[in-house]
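Undergrad: Based on what follows, work out the 3D shape:
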Amino acid sequence: MYRSRKSPIIFQFFSWYIAYIIKKDFSSYTYNRLQLKEDEAILLLSNHFSWWDGFLMFQLNKVVFKREFHVLVTDEDYRRQWFLKYLGAFAAENKGKDVLDTLIYAGQLLDQPKNLVLLFPQGKLYTSYINSISFERGVMQLINASKKKFQIIFSATLTDYFDKRKPRVESHLLSWEPEEYMSLQLLKREYNKHYNHVVSKQSKDLV
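TA: Okay, the predicted model is just below:
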């Protein structure tokens, strides 16, 4: 497994740089705030449609959640983007048992209240012009590897240009209280209920 590494200097630089490029390349970045449980870790589930997604969630964590940031990425991204490991990225190095070990590791991170684990349940990039966000089976393996004493936050991020040269980006957050018997289908349905509500609302706001 490829683990994250700590380097305060690199982390501080990219923390500044990510905030800088978001401000530079978007006309605005907005989000709503939630009531959070300070004594529980956060599993952040987000749609994945652009190169920006991890950086936006990193910034969101810095200003809203204020936890130690961890994100599960592909082995290709981990190796290709050298700096990700210093921002909390980790990945499975091989298929099979290493994938399971990585999911177990991610679940154990959620047992520590100081942590936030970002997961893109789709597993890879998809166009933003889709009606439903898919969920890979590893999502439940990660959850079941934990003590299930954490909070789940849904993030649906959308972009629009309107009359601006630069797009605006919005992250719509929802704190979801899981039912006693959680399944992949239930999690997927509840996330997509939030996602479709956000898309519908944004579309109506344009009329």
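
Undergrad: Does the residue most central in space within the chain lie in a helix or a strand, and which?
TA: Centroid-nearest residue in the chain, with C-alpha atoms, centre = their mean: residue 118, separated by 3.7 Å. Assessed by DSSP states H and E, residue 118 sits inside strand 115-119.

Undergrad: Give the other helices and strands that that strand contacts.
TA: If contacts are counted by 3 or more C-beta pairs under 8 Å, 6 or more residues apart in numbering; DSSP states H and E, strand 115-119 sits against strand 41-46, strand 68-72, helix 97-109, helix 138-144. For every residue, glycine as well, the C-beta is placed using N, CA and C.

Undergrad: Could you pull up the mean pLDDT of the lengthiest helix in the chain?
TA: In the chain, taking DSSP state H as the definition, the longest helix is helix 184-205. Taken as a whole, helix 184-205 has a mean pLDDT of 90.

Undergrad: same deal with stretch 134-151?
TA: Here the average pLDDT along stretch 134-151 is 93.

Undergrad: ok, residues contacting it?
TA: With contact meaning C-beta atoms under 8 Å, 6 or more residues apart in numbering, stretch 134-151 is reached by 36-37, 40-43, 45, 72, 99-100, 103-104, 106-108, 110-111, 117, 119, 121-123, 126, 175, 178, 182-184, 187-188, 191.

Undergrad: what do you get if the cut-off is 6 Å, keeping everything else the same?
TA: With contact meaning C-beta atoms under 6 Å, 6 or more residues apart in numbering, stretch 134-151 is reached by 37, 40-43, 103-104, 106-107, 110-111, 121-123, 184, 188.

Undergrad: which residues of the chain score low on pLDDT?
TA: 205-207 (pLDDT under 70).

Undergrad: Residue 99 is in contact with residue 93, isn't it?
TA: No. The pair residue 99 and residue 93 does not pass the contact test of C-beta atoms under 6 Å, sitting 9.2 Å apart.

Undergrad: Only the buried residues of the longest helix of the chain, if you could.
TA: For helix 184-205, the neighbour count (16 or more other C-beta atoms under 10 Å) marks 184, 187-188, 190-192, 194-195, 198-199 as buried.

Undergrad: tilt between the longest strand along the chain and strand 115-119?
TA: Determined from DSSP state E, the single longest strand within the chain is strand 150-160. Counting by axes from the mean of the first three to the mean of the last three C-alpha atoms, to 10 degrees, strand 150-160 lies at 50 degrees to strand 115-119.
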